[in-house]
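Colleague: take a look and give me a structure for this.
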Amino acid sequence: METQKFSYDNSIVRAFLYATIVFGLIGFTFGLTAALMLFYPELPEFLFGTDDTTIRSLSSGNIQGLINTHGAFGFGRIRMLHTSTVIFAFVCNIVYTGIYYSLQRLLKTRMYSDTLSWLHFWTWQFMIVATFITFFMGINTSKEYAEHEWPIDILIAFSWIIFGANMFLTIAKRRVRHLYVAIWFYIGTWIAVAMLHIFNNLEVPLSFTGWKSYSAYAGVKDAIVQWWYGHNAVAFVLTTPVLGLMYYFLPKAADRPVFSYKLSIIHFWSLIFVYIWAGPHHLQYTALPAWAQAVGTGFSIMLIAPSWGGMLNGLLTLRGAWDKVRENPILKFFVVAVTCYGMATFEGPLLATKNINKIGHFTDWVIGHVHLGALGWNGFMAFGVIYYLVPILWRTKLWSVKLANWHFWLGTLGIIFYAVPMYIAGFTQGLMWKQFNRINTKSWGLGKKFR
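Modeller: Residues are numbered from 1 along each chain as shown. Have a look, this model is predicted:
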């Protein structure tokens with residue numbers, strides 16, 4: 001029998017890991033800045049100075065000052081930069097980190113092409129930098145999670161195709177026949193995101209020498225395509241690839257086999273089938289046909305089963321290993337991440353029902369829900385993967401386990417102190433809005449002065 005020698009490409013894994021940490025810090029900073037600006041809109045002017053007297057008088061109730069703050073550092077642009085950085089720069093980079101590491105080991109082969117790997121890396125990072133520049137300049141489409149104008153959309157598609165070609169060609173030259181379930185999640189992610197990105201970003205440039213474009217869709221059609229994309233950006237960027245990472249790194253960190261491989265296969269196929277139809281639940285009580293709204297609600301309720309099946313599969317993988325959780329900060333991060341995944345995927349279907357949607361929609365409840373998923377699920381999975389990979393890639397021990405535990409507990413408390421007040425505030429907002437009567441006056445005490 002001939003002995004085959006090969007080596008894994010860890011340099012590309014390290015590069016994406018560096019990018020994850022750098023853009024994670026930037027994304028969190030944008031988020032903190034946006035949060036501060038909600039109650040202190042003059043923050044950019046306070047930091048950088050201004051000669052505009054209307055902004056200086058904002059504290060006295062001059063609304064024109066608030067209008068004048070909406071420049072390059074206005075809330076609208078900072079908020080877009082926050083969401084785009086967290087999704088495309090932080091989460092996508094940790095997904096690429098995990099995929100490039102796990103794919104080679106699961107297939108027992110090096111990536112098909114180092115050149116394609118690095119082309120993917122640099123085109124993706126260039127896209128992120130281009131996004132920063134254009135968003136600060138106010139160049140965007142104003143479509144949620146798809147604000148990039150058409151040249152950047154093309155760059156995203158190009159980079160994604162390079163990534164997919166490298167992945168599929170690596171699968172084709174694998175040394176093992178079986179494809180582990182994590183790879184199925186990676187494949188499903190690539191196919192779905194390619195479809196979503198291309199069809200949602202069909203647009204007509206105003207000029208091929210400029211940035212401005214107009215959507216190929218209009219009215220209700222534009223709304224349904226956008227939220228078919230918007231919901232499934234959460235599904236196939238923030239969920240399915242991270243589930244693939246969960247199915248690889250959680251058993252590895254626990255040194256235990258996955259609880260039920262059969263359940264993981266059921267989890268994959270049911271999630272892939274159900275998730276993509278749930279987008280209309282973002283358009284309840286709109287001009288969207290009632291049957292489409294009902295379809296979105298129905299499939300959203302169905303999502304509870306596969307989502308909780310995956311959550312339980314992850315947690316039960318730790319059976320007999322809970323003593324390790326007490327000592328290992330990596331497993332702590334994974335346990336809270338998987339728990340937050342379960343909580344968010346139970347809360348989402350509830351918010352998709354009309355009875356609860358009419359209370360929660362447009363309120364802080366939705367912001368709490370989103371950040372339970374983004375901070376708890378995506379963030380904590382990312383931190384767990386980082387803490388797992390750094391000692392392996394640099395062949396060293398973690399510098400301080402105590403600091404990692406501090407990181408975990410501060411992050412966990414931060415999520416609780418973030419989400420719970422948002423839930424309370426959102427529920428209160430929704431109930432107060434429902435107190436408006438048919439002539440748009442409030443039926444509770446203070447409303448009398450508006451009559």
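Colleague: quick one: pLDDT of residue 1?
Modeller: In this prediction, residue 1 carries a pLDDT score of 59.
Colleague: can you name every helix or strand that the longest helix along the chain contacts?
Modeller: In the chain, with assignment by DSSP state H, the single longest helix is helix 401-433. With contacts taken as 3 or more CB pairs under 8 Å, 6 or more residues apart in numbering; DSSP states H and E, helix 401-433 sits against helix 329-352, helix 354-360, helix 364-371, helix 380-393. C-beta coordinates here come from the backbone N, C-alpha and C atoms, glycine included.
Colleague: chain center to that helix: distance?
Modeller: 17 Å (CA atoms, centre = their mean, to the nearest Å).
Colleague: now it against helix 364-371, angle please.
Modeller: Between the axis of helix 401-433 and that of helix 364-371 there is an angle of 150 degrees, by axes from the mean of the first three to the mean of the last three CA atoms, to 10 degrees.
Colleague: can I get the helices and strands packed on helix 401-433 in CSV including mean pLDDT, distance to residue 199 and mean neighbour count?
Modeller: What follows is these, written out as CSV (pLDDT from 0 to 100; distance: least, CB to CB, whole Å; neighbours: other CB atoms under 10 Å):
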stretch, mean pLDDT, distance to residue 199, mean neighbour count
helix 329-352, 96, 22, 22
helix 354-360, 93, 26, 16
helix 364-371, 94, 23, 20
helix 380-393, 97, 28, 21
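Colleague: residue 98: which of the ones you listed is closest?
Modeller: helix 380-393 (5.4 Å; CB to CB).
Colleague: what residues does that closest one touch?
Modeller: The contact list for helix 380-393 (CB atoms under 8 Å, 6 or more residues apart in numbering) reads 10, 13-14, 17, 20-21, 24, 90-91, 94, 97-98, 101, 242, 245-246, 249, 252-253, 329-331, 333-334, 336-337, 340, 396-398, 404, 407-408, 411.
Colleague: now the helices and strands packed on helix 401-433 in TSV, with distance to residue 139?
Modeller: Supplementary listing: these in TSV, determined by distance: least, CB to CB, whole Å:
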stretch	distance to residue 139
helix 329-352	32
helix 354-360	32
helix 364-371	25
helix 380-393	29
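Colleague: looking at these, which is nearest to residue 4?
Modeller: Of all the helices and strands packed on helix 401-433, helix 380-393 comes closest under CB to CB, at 22.4 Å.
Colleague: the closest residue in space to residue 329 that isn't next to it in sequence and residue 391, how far apart?
Modeller: Spatially, and ignoring its direct neighbours in sequence, residue 329 is nearest to residue 404 (3.9 Å; CB to CB, 6 or more residues apart in numbering). Distance, residue 404 to residue 391, by CB to CB, to the nearest Å: 11 Å.
Colleague: likewise residue 380?
Modeller: Remark: distance between residue 380 and residue 391 (CB to CB) = 18 Å.
Colleague: and the helices in the stretch 1-150 of the chain?
Modeller: Ranges of helices in the stretch 1-150 of the chain, per DSSP state H, counting those that start in this stretch, are 11-39, 43-48, 53-56, 63-68, 75-84, 92-107, 114-136, 150-172.
Colleague: average pLDDT for the first one?
Modeller: The reference is to helix 11-39. 96.
Colleague: ok, back up a step: just the buried ones from the contacts of helix 380-393?
Modeller: Among the contacts of helix 380-393, those classed as buried by 16 or more other CB atoms under 10 Å are 10, 13-14, 17, 20-21, 24, 90-91, 94, 97-98, 101, 242, 245-246, 249, 253, 329-331, 333-334, 336-337, 340, 404, 407-408, 411.
Colleague: CA atoms of stretch 188-206 as CSV?
Modeller: The C-alpha trace of stretch 188-206 is given here as CSV (Å, rounded to 0.1, in the frame of the first residue of the first chain):
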residue,chain,number,x,y,z
GLY,A,188,-26.7,24.1,1.3
THR,A,189,-25.5,27.5,2.4
TRP,A,190,-23.5,28.1,-0.8
ILE,A,191,-26.4,27.2,-3.1
ALA,A,192,-29.0,29.1,-1.2
VAL,A,193,-26.9,32.3,-0.7
ALA,A,194,-26.0,32.3,-4.4
MET,A,195,-29.7,32.1,-5.4
LEU,A,196,-30.8,34.7,-2.8
HIS,A,197,-28.1,37.2,-3.6
ILE,A,198,-28.5,37.1,-7.4
PHE,A,199,-32.3,37.3,-7.5
ASN,A,200,-32.7,40.0,-4.8
ASN,A,201,-30.0,42.2,-6.3
LEU,A,202,-31.3,42.2,-9.9
GLU,A,203,-31.1,45.9,-10.6
VAL,A,204,-30.7,48.4,-13.4
PRO,A,205,-27.8,50.8,-13.1
LEU,A,206,-28.7,54.4,-13.8
